[in-house]
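Asks: Take a look and give me a structure for this.
(chains A and B)
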Amino acid sequence: MRIIKAQKIKNAVSRLCEHANIDLRKDVLSALKTALRFERGAKSKAALRAIIKNAEVARKERLAICQDTGLPSVLVELGQEVKVDGNLKAAIHKGIEEGYRKASLRNSIVSDPLKRGVPSYVPGLIHIDLVKGSRIKITVMPKGFGCENKTQLKMFNPTDGTEEVKKFIVDAVKAAGPDACPPYVVGVGIGGSADYACFLAKKALLNPLQSARGALSRDLLKRINNLKIGPMGLGGRTTALAVNVLTYPTHIAGLPVAINISCHATRSATLVL
Amino acid sequence: MKKIGLPLDAGNLKAGDEVLFSGVIYTARDQAHMKLSASLLSGRKPPFDLKGQIIYYCGPNPAPKGKVIGSCGPTTSRRMDGFTSLLLKSGVNGMIGKGSRSKEVIREIKKHKAVYFITHAGCGALLAKQVRSKMIVAYPELGPEAIYRLQVKDFPLIVAVDSKGRDIYSRRRND
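Replies: Got it, this is the predicted structure:
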């Protein structure tokens, strides 16, 4: 058994919150720079230049990339050989609060979804997965809600085909239109159950954008870019930077498909203890 | 690039125009819109004179040490659509946000000869550099959703809906 102090986990989460919100992911920045080379219109090029400049300013001045610092999801892969000394979940929530306060990030969470009330920093959302080994991998993903609001789930019939699934995904991006900060990163979850497909769609956003090379990803990306919504919705060739797909076995009676659209400020940070 | 200020010369701004705005804007997003509307509907005086003002759909981040404001980009304008007619009727002359507006809002903008601008969406760090001062005006209990008075300099805007009802997103609308 390897013992890891809860304090150490809290500190790690705190650092990850700052890092994820301020330093844009390298794969996302690289995809934005590639997109700039492909754009032809003056407006779409100017929009991409502003987005890239914003990432530079954020990193240099230690400001949040986006004022919507999200409802942070914390994904923990906990090695079975690890014993946490202290309260793991409490440590994660404390880490979020500390990290957000230290880095002057926004308190965007209301404790009662119906009555709303004064926004605070916590709770975040915690997903814990038990894995082999004696390490802990922690990922913080602060996703904004402008794009989270565009999430869609559809329970297809098992006899529906790939074409219907593709149409649903492209239509969901079309419905988001210019409103959720394109160019988007599109996460797709196929299979499992209703709840699990939604989780997969969110988790798919964590995969490096350059790794989305499968036939389904490529075809979806082509069709989505044909929508010509473009950077900031001003038209152009880049409506999405990538389409990341995750699948899981499902039931004979169903075909759940979820789409989670992320803005161009697709943020996450990971470390291993 | 064309430089503009207050009072807004709405008649001379055309959908698609890129301008730099200097002057005062007021932040207000979801909850502030609810409160503002409730106070207007009950005949109470709003917390600031709305006449000729620009509302910025924004919930800024707290200012880090030595800075005026944290990241402060626009939020999705669509969520404010239901409140916009009343605010325009009460004197608001301009709005800044991101994304498209409903047909009804576009009609109201035309009717009141107002302007809807968009600014660099998801670029809150870049926009923070254009803010010279920040002062809380109303609803401090809302935290980031309170109304702040911002003095901005050369704040980059694109006219998205002009006073004649022309809309830069019209070709790609879904509704």
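Asks: hey, let's count contacts and neighbours off CA atoms from now on
Replies: Will do.
Asks: pLDDT (mean, whole number) over stretch B:116-131?
Replies: For stretch B:116-131, the mean per-residue pLDDT is 98.
Asks: Assign residue 3 to helix, strand or coil.
Replies: Just so you know, I chose chain A. strand (DSSP: H, G, I helix; E, B strand; the rest coil).
Asks: sorry, should have said chain B
Replies: Note that with three-state DSSP, the state of B:Lys3 is strand.
Asks: contacting residues for the residue nearest to it when sequence neighbours are not counted?
Replies: Nearest in space to B:Lys3, with sequence neighbours left out and distances taken as Cα to Cα, 6 or more residues apart in numbering or on different chains, is B:Leu20 at 4.8 Å. Contacts for B:Leu20 (Cα atoms under 8 Å, 6 or more residues apart in numbering or on different chains) come out as B:1-4, B:153-157.
Asks: State the mean pLDDT of the lengthiest strand in chain B.
Replies: The residue-count maximum for a strand in chain B (DSSP state E) belongs to strand B:147-161. In this model, strand B:147-161 has an average pLDDT of 98.
Asks: Could I have the CA atoms of that strand written out in CSV?
Replies: C-alpha atoms of strand B:147-161 as CSV (Å, rounded to 0.1, in the frame of the first residue of the first chain):
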residue,chain,number,x,y,z
ILE,B,147,-24.0,45.4,-12.0
TYR,B,148,-20.6,47.0,-12.5
ARG,B,149,-19.9,50.3,-14.1
LEU,B,150,-16.9,49.8,-16.4
GLN,B,151,-14.9,52.6,-18.0
VAL,B,152,-13.4,51.1,-21.1
LYS,B,153,-10.9,52.4,-23.7
ASP,B,154,-10.9,51.2,-27.3
PHE,B,155,-13.1,48.2,-26.5
PRO,B,156,-13.4,46.2,-29.8
LEU,B,157,-17.0,45.7,-31.0
ILE,B,158,-18.7,44.5,-34.1
VAL,B,159,-22.2,45.8,-34.9
ALA,B,160,-24.3,42.5,-35.0
VAL,B,161,-27.8,44.1,-35.2
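Asks: tell me how far it is from the chain's mean position?
Replies: Centroid separation for strand B:147-161 versus its chain: 7 Å, with Cα atoms, centre = their mean, to the nearest Å.
Asks: Whether it contacts chain A - can you check?
Replies: No: with Cα under 8 Å from any Cα of the partner chain as the criterion, chain A is not reached by strand B:147-161; the gap is at least 9.9 Å.
Asks: quick one, strands of the chain?
Replies: Reading this off chain A. A:2-5, A:71-79, A:82-85, A:125-131, A:136-143, A:152-156, A:184-192, A:240-250, A:255-262, A:269-272.
Asks: meant chain B actually
Replies: Counting by DSSP E, the strands of chain B are B:2-4, B:18-27, B:54-56, B:94-97, B:115-118, B:131-138, B:147-161.
Asks: Show me what the fifth one is packed up against.
Replies: Yep, that's strand B:115-118 we're talking about. Strand B:115-118 is packed against strand B:94-97, strand B:147-161, with contacts defined by 3 or more Cα pairs under 8 Å, 6 or more residues apart in numbering or on different chains; DSSP states H and E.
Asks: what's the answer for the first one, then?
Replies: Judged by 3+ Cα pairs under 8 Å, 6+ apart, the packing partners of strand B:2-4 are strand B:18-27.
Asks: strands paired with the strand it packs on, and their directions?
Replies: With DSSP bridges as the test, strand B:18-27 is paired with strand B:2-4 (parallel), strand B:54-56 (parallel), strand B:147-161 (antiparallel).
Asks: Now it: buried residues?
Replies: B:18-27 (16 or more other Cα atoms under 10 Å in any protein chain shown).
Asks: which residues sit in contact with B:Leu86?
Replies: B:Ser37 are the contacts of B:Leu86 under Cα under 8 Å, 6+ apart.
Asks: That one and B:Glu145, how far apart?
Replies: Distance, B:Leu86 to B:Glu145, by Cα to Cα, to the nearest Å: 19 Å.
Asks: Then A:Asn149?
Replies: 18 Å.
Asks: ditto for B:Ser39
Replies: B:Ser39 sits 16 Å away from B:Glu145, going by Cα to Cα.
Asks: Which stretches in chain A count as helices?
Replies: Assigned by DSSP state H, the helices in chain A fall at A:6-22, A:26-38, A:42-61, A:88-102, A:145-148, A:162-176, A:194-204, A:215-225.
Asks: deepest of these, which one?
Replies: helix A:6-22 (a mean of 24; mean count of other Cα atoms under 10 Å in any protein chain shown).
Asks: Contacts made by that one with the rest, please.
Replies: Contacts for helix A:6-22 (Cα under 8 Å, 6+ apart): A:55, A:58-59, A:62-66, A:69, A:84-88, A:91-100, A:103, A:138-142, A:267-271.
Asks: Mind doing that once more with 7 Å?
Replies: Contacts with helix A:6-22, where a contact means Cα atoms under 7 Å, 6 or more residues apart in numbering or on different chains, come from A:58-59, A:62-65, A:69, A:84-88, A:91-92, A:94-96, A:98-100, A:103, A:140-142, A:267-270.
Asks: Can you redo the strands of chain A as a markdown table, where the extra columns are distance to B:Arg149 and mean pLDDT?
Replies: As requested, the strands of chain A are exported to a markdown table (distance: least, Cα to Cα, whole Å; pLDDT from 0 to 100):
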| stretch | distance to B:Arg149 | mean pLDDT |
| --- | --- | --- |
| strand A:2-5 | 45 | 97 |
| strand A:71-79 | 26 | 97 |
| strand A:82-85 | 47 | 97 |
| strand A:125-131 | 33 | 97 |
| strand A:136-143 | 27 | 97 |
| strand A:152-156 | 36 | 98 |
| strand A:184-192 | 31 | 98 |
| strand A:240-250 | 35 | 98 |
| strand A:255-262 | 30 | 98 |
| strand A:269-272 | 34 | 98 |
